[in-house]
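Chemist: Build the 3D model from these lines:
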Amino acid sequence: MVIAFPDEAARLESFGRAIDAIKADVDTRVGQADLRYVRRLRRFSRVMEVVGRALIHFSIEPVTFGLGVFALFLHKQVEATEIGHTTLHGAYDRFGKDTGFHSSTFHWKVPIDEESWRYGHNVRHHGNTNVTGIDPDIHFGPVRLTEHTPWTKSHRWQLWVTLLHLFPNFGFVMNLHFTGLTDLLLGNGRGGMDILPDRSPATKRKAWWRALRKYVPYYAYEYVLFPVLAGPFWWKVLLGNWLSETMRDVYSAATIFCGHIGEEVAAYPEGDKAKSRGAWYARQVEATKTSRSRGRSACCAAASTVRSSTISSRSSRPSGCARSRPRFVAHARSTGCGIGQGAGRRSSGRRSSTSRRWRVDRRRRRSWCARPSAR
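Modeler: Numbering: from 1, shown residues only. The predicted structure follows:
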């Protein structure tokens, strides 16, 4: 049931207070149990790595080899999304640097530079979700995700670019994206750059350094060290490591890529800003797609729509997310800030002035890979 408010400002203020209350409640519940949880995940991850690499190394038939690849995939997936993503959002910073899970010193087992990711993902993306000119994730290189990036003929092929290049190499491409090398090599599709401030020699050197300082040790570990240790069976270990890497990238891309795109998700033109904290919260909801499923991802889906670093990542355990999610959804619905209820929707049955100006008629709506209709 949507509550009636005297005006838009009152509605957004009410929503902002509700979200701040949830955040305060979550903050009080974060404690040693969360630290024990991530340490259990790390132990499980390390066991999977040892088992996976051993099975790949010593396997003499496809079944054992396949089990090794799967175990190594589990290790890489847990390190990337369950441990690394949450840690780099600052979920465990309050426990100090000596825990090994402080965002400023944490190094994840993913080929993405940590410092670049924290800025591009935490600050630029979560702070300005789907805002053209600030959020770098409204496109990935040649892949156009909103109508605010001009369409070109090359976008006819972006579905195949996504499936055959972006998904299987997601970690590699994301490092290009967040370090700014994509800006240098391809631009942002609007004649400018998203991450880098300029094209000066110093800026270029810094971008290349950030990318290479992660690429070189990571891929040397995966594709040089372990294959060399296998001697004449180097090709088998190289294949197993590559398969586990690709599985992690495809799974991560499939679950992350579509979080902020679609007909029901809002995208904002360049220069568009929230007028209040409540309005900013509402925009985060409107610019995010959620889904219903079992497990930790579903528990955190609604809470993370406001801001991963503000709510969901501060209670990283499934139980903490599960307790927060119903309250979040209830407040969103009661104030008309529905999750995924249409681009720019501000309340039930009406749209903001900004979204009315930028709304695309459903009958002529552009698909994310098709050429737009003439207006």
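
Chemist: Ser14 reaches Phe5, doesn't it?
Modeler: Yes. The criterion here is CB atoms under 8 Å, and Ser14 meets it with Phe5 at 6.7 Å. Placement of C-beta: from N, CA and C, glycine included.

Chemist: Count the neighbours of Leu98 for me.
Modeler: Residue 98: Asp, not Leu. Asp98 has 8 neighbours, counted by other CB atoms under 10 Å.

Chemist: Now do it against Thr105, distance only.
Modeler: 10 Å (CB to CB, to the nearest Å).

Chemist: joint contacts of Ser14 and Phe5?
Modeler: Applying CB atoms under 8 Å, 6 or more residues apart in numbering, one finds that Ser14 and Phe5 are jointly contacted by Thr335.

Chemist: contacting residues for Ile83?
Modeler: Val38, Leu41, Arg42, Ser45, Phe101, Trp108.

Chemist: Output the contacting helices and strands for the helix or strand that contains the second one.
Modeler: Same thing as Leu41. According to DSSP states H and E, Leu41 maps onto helix 32-58. On a contact count with 3 or more CB pairs under 8 Å, 6 or more residues apart in numbering; DSSP states H and E, helix 32-58 meets helix 62-77, helix 226-229, helix 234-256.

Chemist: So for it, what gets flagged as buried?
Modeler: 34-35, 37-38, 41-42, 45, 48-49, 51-53, 55-57 (16 or more other CB atoms under 10 Å).

Chemist: Can you check what angle separates that helix from helix 234-256?
Modeler: With axes from the mean of the first three to the mean of the last three CA atoms, to 10 degrees defining the directions, helix 32-58 sits at 140 degrees from helix 234-256.

Chemist: ok now helix 32-58, how far from the chain's centre?
Modeler: Relative to the centre of its chain, helix 32-58 is centred 23 Å away, using CA atoms, centre = their mean, to the nearest Å.

Chemist: what is the rounded mean pLDDT of that helix?
Modeler: Averaging pLDDT along helix 32-58 gives 96.

Chemist: same deal with stretch 135-143?
Modeler: Rounded to a whole number, the mean pLDDT of stretch 135-143 is 83.

Chemist: can you check stretch 249-266 too?
Modeler: On average, stretch 249-266 scores 85.

Chemist: same question, stretch 166-173
Modeler: What stretch 166-173 shows for mean pLDDT is 95.

Chemist: how about it: buried residues?
Modeler: Leu166, Phe167, Pro168, Asn169, Phe170, Gly171, Phe172, Val173.

Chemist: quick one: which helix or strand includes the last one?
Modeler: In this assignment (DSSP H and E), Val173 forms part of helix 170-179.

Chemist: That helix to helix 234-256, inter-axis angle?
Modeler: 60 degrees.

Chemist: residue boundaries of the strands in this protein?
Modeler: 139-140, 143-144, 345-347, 350-351 (DSSP state E).

Chemist: Measure how far stretch 9-19 is from the centre of its chain, please.
Modeler: With CA atoms, centre = their mean, you get 26 Å for stretch 9-19.

Chemist: do the same with stretch 145-158
Modeler: 21 Å.

Chemist: I'd say Arg222 and Leu243 touch.
Modeler: In this structure residue 222 is Glu, not Arg. No. Using CB under 8 Å, Glu222 is not in contact with Leu243; the gap is 11.4 Å.

Chemist: Let me see the contact set for the residue lying closest to Cys337 once chain neighbours are set aside.
Modeler: Among residues not flanking Cys337 along the chain, Ala282 sits closest, at 4.5 Å (CB to CB, 6 or more residues apart in numbering). Contacts for Ala282 (CB under 8 Å, 6+ apart) come out as Leu12, Phe15, Ala274, Thr335, Cys337, Arg346.

Chemist: Kindly provide the distance from Ala282 to Thr288.
Modeler: Counting by CB to CB - Ala282 and Thr288 are separated by 11 Å.

Chemist: for Ala202, same thing?
Modeler: 36 Å.

Chemist: what about these two, which has more around it?
Modeler: Thr288 (21 against 8).

Chemist: how much space is there between the more buried one and Gly96?
Modeler: 32 Å.

Chemist: Likewise for Arg283?
Modeler: With CB to CB as the criterion, Arg283 and Gly96 are 34 Å apart.

Chemist: These two - which one has more neighbours?
Modeler: Arg283 (26 against 10).

Chemist: per-residue confidence at the closest residue in space to that one that isn't next to it in sequence?
Modeler: Leaving aside its sequence neighbours, Arg283 sits nearest to Ala274 (CB to CB, 6+ apart; 5.4 Å). As predicted, Ala274 sits at a pLDDT of 88.

Chemist: swap in the one 3 residues further on?
Modeler: With respect to pLDDT, Arg277 has a value of 89.

Chemist: quick one: Ala279 and Leu12 touch, right?
Modeler: Yes. The criterion here is CB under 8 Å, and Ala279 meets it with Leu12 at 4.8 Å.

Chemist: Look at the two and report which has more neighbours.
Modeler: Leu12 (26 against 21).

Chemist: any idea how far the residue lying closest to the more buried one once chain neighbours are set aside is from Lys153?
Modeler: Excluding its sequence neighbours, the residue lying closest to Leu12 (CB to CB, 6+ apart) is Gly278, at 3.6 Å. From Gly278 across to Lys153, the span is 42 Å (CB to CB).
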